[in-house]
Structure formats: C-alpha cells, structure tokens
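# the amino acid sequence is not available; the structure is as follows:
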DNA sequence: TTCAGCTATGTTAACGATAACATTCACAAA
DNA sequence: TTTGTGAATGTTATCGTTAACATAGCTGAA
C-alpha cells in the first residue's frame, strides 16, 4: 500500500558502501571518514531516511519507552501528572505509551500485557479501583520489569512508589477544623477502603481527632466514593439523622464528593459554613468557583508524575538502590467553606 | 540486569518441536495437532511467555499502534478527545502512543519523527499554535503515512480532517445576540489567525453580521489568543475607547478568553449582561460556575477524537476512499451572560 | 499396489538494525 | 625493505518472529 520505506541498505547501495558504515556514520561513531560521514548524512536527508526504531530496539533490547497506566484521563489530577511524566521522560530521552484502564481491573491487565509485549523499558502504574489482587504486579516484579507506582500505591509489595501524603494532608485539614474553628461532631465522607488514598485519608481524619482528644463518631463516617453523586448520597444519609445529630463540619475525601455534599446541604436550605462547614481534597479547578469557595488540599500532581518518572528511569538505568516509597507533601488551600474569611 | 525473557524458542526446545509450530499454535493457525497446540499453550503459560511485539512488528510491518500528537493535555478539550481516540482504538485492536508538543513547532516536529521511527501505523495530529509551515505534514503525506488531523486542521493539504463546525457555531451564537437580544455594536475577541479555529470563528462572527445586515466595526475585532490573560488584555483595549464606543456584546473565541474579559469588565464596575453581554466558546467546566454563568458553545470533544481515530483506522486498513473533511456540529449552551434567563 | 492429496511439522530467509570480529590499506618506525 | 599500527571499511551473526516453501507420513481411490 504505502511505498516502501527507505532503509540503511538503500543508502548503502546508493553510495556503494556497506550498511555498517552507514550505521556508524548516522550514529556518530568514531572511525568513519569525515567525507564518507557527510555523504551518508546528505544521502539520508535526500532520500528521507527515518531510522527504524523497531529494528534497533530488537537488537539493543531497549526501547526507551515508558509505559503509563492511569485509571482515567478526564479527572484533573492525571492530566497534570502525565505532564510531569512526559517532562521527565522527554528530558531523559524517553517517550511514553499512555494507556488507561477506565478503573477496570480486566482492562488494566490487558494494557499491562500490551506494554510488556511492546517491551517498554519500564512501567508507571496508578492502580484501578476495581483491582482486588496483586498477582499481576507480583508477576511483573518477578520478571524484573522496572516498575513504579504513583498516586495509588500497593503498600508492601516491594515496588517503588511515589504518592501524596494523603494521611498528613487529611490530618492537617481536620486539625484546622478542630483547632481554628473548634467544631464538634466532624463527619467524614470517605473513599473506597480498598484504595490506598481512601484508606489514608480516613486514617488522617481519625488521627487528627485522636491526637486532639476530640470525639469520634462511627456514624459520621460514610463511604462516598470519589464522585459527585457518591458525595451527594452520603451527605443525604447524614442529613437523615435528627438535626441535633447532624455534623457541624464535614471532611470530604475529594472535591467532587464535596461538591455533591454541597448540593445536598443546600437542598436542605442549610448554610455553608454557617450550619455545616465543609472541606474537600484535591483542589479541583472548580473549587474556588463554587458559590462558597471550597477549602481544600492541593495535591502536587505534576510533581508526583515527574518524580515517579525520574525514579523509574533511575531503576531502568540501574541506579535505583533500594526500594523507595516517596511521599510528597500537600498544601492547604484555605477558602471560605471551612468558616475562614481569607 | 533483568533475567532473560522467555521466547518462542525456549518453548520449542522445552517441547522438542520447532519454533514455527509454536508460533502457529499460539496464533491459532490451522494445521496444528490439537494436542500439540494445547501442550504449547500450557508451556507458554507455565513459562510466563509474553510474545515480543517488536519482533512481530518488524516482520509484519504493522504495529497496531496509533501515534497521537496534541498541543497540550491540561486543557479540558484534549483529555476528552483522547478518551474518544482511546475508545475507538481499543475497539479496533489498536493502541496509542500519546505525545504532546506543548504548542511548540520544534517539539511537534520531534515527536512526529519519533512516531514515524516507531513505525506507528498512522498518526493523529492536532497542530501546535506555533507551526508556521506545513512542510512536515507534506512530507508525511508524500511518504504515504496514514494521517488524520483533528480539531486543528490544515485546510487544502489533502489530508483527512475531523473538526468541529466552528464557523457555524460562532455564527449561530452571534445570531443569538443579534436576533434574540438585538444588541448593536458586537465585538469579537479573536483567536490567532494562523490557527484554523481562530480563523473560522472570526469568519462565523462576520457572516452572522453580514447576513443579518448588522453593522461590522473593524475596531471591535481584537486578537486575544486562547488564554485568560489574552482575553483580559483584549477586553481592556476595547474598554479604553470612550464609553459610547464600547461594545454592547462580546463574542470571545473561547471560554478562557471570556473569563479574562469578564475580569476586565468587572474591574470597570460594569455589569454582565446589563452593560456588556458576553458569550464564550468550548463549554469549559468552569463556565457554569462563574458569578454570571457563561453562555457558550459546547464542542463534542469525545466524538471528535473517536471519529478521527475511526477514520484513521479506515485509512490504515485501506478502506478510506477519498479525502474527507468531517465536521461535527456544536451545541449552544444558553446561560445568563448573554442576557437570557434560563 | 501406487501415487495424488492431505495434514502436521520442519527449514530457510526475511524484517532492519547493530555488535563483534575480520580485512584492507597507508604510513611510520626499525 | 619489512613490519607494526591504527584508521576506515566490510562480513557475519544476531535480536524474535512469521512467510514461504519443503518434507514426512498417512489416507484413500484408481
């Protein structure tokens, strides 16, 4: 169909020399006559030669490609993280194959196999929500495929991991509600507990109460998931209690869940933060545009991606040392929904 | 470093048969004894065999990979479009290598070369803003590399193209301002004129005025670019005129530019839409959350990506027929900033 | 019986590049 | 003159897979 591509062999034939000399000339190897080199380069340009990386990869057993698996690309965190990955990769002379699992375990397995069969030099994974066992990751590790998890990690599996300090972030924002505002009865709209960020944020929330000897009510922890509808329904559940049992403040697992909660609160004609204060997590682009701007925790998405890619490249190139779990700090973004007036 | 990978040869040695039989068994080719086939498959599983697509691609001259070049990934349009691309690709058994040019012509050229050397089966391009000549695209077409432009096209170059009907969208929203609200003195904050969407939106704006015999003022067309700051500065320029020359309504080239314009208008203590009505384009996630929700035009980003990928795959597989320029319709999102009260 | 015709399997070459080793040739030192 | 040395270039094998052709062995019809 498409006309045959120019190969090194054509250049060699054209100039009456061997392919090897062509290869040497184009890769700037020593021991090539300056004139030969320039003739080769001129011919390559003239014929529109584009080296075949597939052949190169086959013989060198290196692709200089990093495989990336994300659960979704629409959510604002991942595009940012991907930018960071791309940046680090680009600087080190790598490129990326981006795949996404749509939060589906089967599809995640498929794309991981694709990446492996494509012989990427290493893989960056952010785990899909529905993944229940770690077999595939273990197999990858057994096969010594360089592997770094980012954002959604698998603790204790013996792989590198770059994530955000969710626990500390959740603890700090909860402490803000305790120490600055003195709210009693603080609720948590939690994330799924089989996802590490869901667990750590709940953990941080609990620790803040504990360390400050603040009352903890099991009823005030409701699983909401990561989306707006989940936040809405979880908040509804809390508001079905008699008014004296309502929470005075709510810590949502992320901003979309907080948006859902906002909707539920306003449907009850209650004021934020007057009746119920609310904080989110992730600093969604919409957070500051809400009718009551949302106090939240910014995650360094770009930095997570960049660090993870840098770490993976170190591993690929054999400078990795021991397994590391890198945790990046969050930043508190105080707006109005917590009761402050910045 | 990493322990040698299992190849078809190992399986063959293990079972005392030839590699070819292994290949046939694993690819479900006919003429393989049922028992042999199952022994091979069992051995492949047991040894953790992962076929090497690089070798396969080399011999088959097909990679089943689509290269994608986008100018950025943070903007909301592209993540959506990429989802559409991924979906169409996945369904047809293709995968994607995602690259981005950061709106930089040199980097775009680099990534296109990468994709070519990676021997992707075809390329989807959304052109970077700073690209000034079409040499590279022409070279690709000469080399018969399957190529489909999406969103940001290059008219008349003889390549397929899937885009949004920017002109009709801009015309329609402008006509809304004319016919429903009867605003005189309508301004346009335009996009860069070397980008097709910049040109078409201006074109649609002009046509709306023309066809409705509405006055057109050259002074009321100011180049703003695609970002908030550009919109802000462009609006400032308009507001430096004496008040009687101010526009009564403004059509911004996209929503971020409209957000910038909003800021400029409010800094002058003017009301939207009371003093100046405003409409955007692209239905940014923030548009409905603005203090005055922004009337805008929704672009079917997911569909653009999906269609473009489908068209590319047709081309790759030789069912393309003649060159097509597919144009998808936009949808008007009426909110408050135009003067309506939905 | 004999051979056409089928199935199952094997052998060789190819894809496009590079590594490792081999060769040629010019020039300088002995 | 001879020999050693190093630069420039060539030859062969290889990466892992599949296409194309080759062969062995069996079945069944003439």
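It's in. Bear in mind that the values here come from a model prediction, so they are computed numbers and not experimental data. Numbering: from 1, shown residues only, chains lettered A, B, ... in the order given.
# how is chain A carved up into domains?
A:8-51, A:60-165+A:301-329, A:166-299 (automatic domain parsing).
# redo the ones you listed as JSON lines? Include mean pLDDT.
Formatted as JSON lines, the domains of chain A follow (pLDDT from 0 to 100):
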{"stretch": "domain A:8-51", "mean pLDDT": "94"}
{"stretch": "domain A:60-165+A:301-329", "mean pLDDT": "92"}
{"stretch": "domain A:166-299", "mean pLDDT": "95"}
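# output those domains in CSV; the columns should cover distance to residue B:93.
For glycine as for every other residue, the C-beta is placed from the backbone atoms N, C-alpha and C. Formatted as CSV, the domains of chain A follow (distance: least, Cβ to Cβ, whole Å):
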stretch, distance to residue B:93
domain A:8-51, 25
domain A:60-165+A:301-329, 10
domain A:166-299, 30
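# in TSV: the ones you listed, plus mean neighbour count and distance to DNA strand C.
Formatted as TSV, the domains of chain A follow (neighbours: other Cβ atoms under 10 Å in any protein chain shown; distance: least, Cβ to the nearest atom of the strand, whole Å):
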stretch	mean neighbour count	distance to DNA strand C
domain A:8-51	15	3
domain A:60-165+A:301-329	20	6
domain A:166-299	20	41
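# for the stretch 151-300 of chain A, which residue gets nearest to chain B?
Of all residues in the stretch 151-300 of chain A, the one sitting closest to chain B is residue A:289 (3.9 Å; Cβ to the nearest Cβ).
# from DNA strand D, how far off is that residue?
Noted for residue A:289: a distance of 52 Å to DNA strand D, by Cβ to the nearest atom of the strand, to the nearest Å.
# for the stretch 151-300 of chain A, what spans make up the helices?
For the stretch 151-300 of chain A, the helices defined by DSSP state H, counting those that start in this stretch occupy A:166-175, A:196-211, A:228-239, A:255-267.
# what's the closest of those to residue B:37?
For the helices of the stretch 151-300 of chain A, proximity to residue B:37 was assessed by Cβ to Cβ; helix A:196-211 is nearest, at 41.9 Å.
# gap between that closest one and the chain center?
Helix A:196-211 has its C-alpha centroid displaced from the chain centroid by 20 Å (Cα atoms, centre = their mean, to the nearest Å).
# other residues contacting stretch A:13-30?
A:8-9, A:11-12, A:31-32, A:36-37, A:39-41, A:43-44, A:47, A:51 (Cβ atoms under 8 Å, 6 or more residues apart in numbering or on different chains).
# quick check: residues of the stretch 1-150 of chain A near chain B?
Contact residues (Cβ under 8 Å from any Cβ of the partner chain) of the stretch 1-150 of chain A with chain B: A:1-3, A:5, A:48, A:50-55, A:57-58, A:63, A:65, A:73-74, A:79-80, A:82-83, A:86, A:95-100, A:111, A:113-114, A:116-119, A:139, A:143-146.
# take these and keep only those in strands.
Judged by DSSP state E, those include A:65, A:95-100 as members of strands.
# which residues of the stretch 51-200 of chain A lie near DNA strand D?
Residues of the stretch 51-200 of chain A lying near DNA strand D by Cβ under 7 Å from any atom of the strand: A:55, A:58-59, A:61.
# gap between residue A:330 and residue A:297?
Here residue A:330 is placed at a distance of 5 Å from residue A:297 (Cβ to Cβ, to the nearest Å).
# overlap in contacts, those two.
Counting by Cβ under 8 Å, 6+ apart, the residues touching both residue A:330 and residue A:297 are A:169, A:172.
# quick check: the closest residue in space to residue A:79 that isn't next to it in sequence vs residue A:237, distance?
Nearest non-adjacent residue to residue A:79, counting by Cβ to Cβ, 6 or more residues apart in numbering or on different chains: residue B:73, 4.8 Å away. Residue B:73 sits 37 Å away from residue A:237, going by Cβ to Cβ.
# same check on residue A:273?
Per Cβ to Cβ, residue A:273 is found 20 Å from residue A:237.
# coming back round to it: now, which of the ones in strands among the residues of the stretch 1-150 of chain A next to chain B sits nearest residue A:325?
Checking these against residue A:325 with Cβ to Cβ, the nearest one is residue A:96 at 22.6 Å.
# contacts only, for the closest one.
Residue A:96 touches A:65-68, A:82, A:85-86, A:89, B:97-99, counting by Cβ under 8 Å, 6+ apart.
# give me the contact list for stretch A:167-186.
For stretch A:167-186, contacts defined as Cβ under 8 Å, 6+ apart pick out A:200-205, A:207-209, A:212, A:214-215, A:217, A:220, A:245-251, A:277, A:279, A:281, A:295-297, A:299, A:329-330, A:332, A:334, A:338-340.
# thank you, goodbye.
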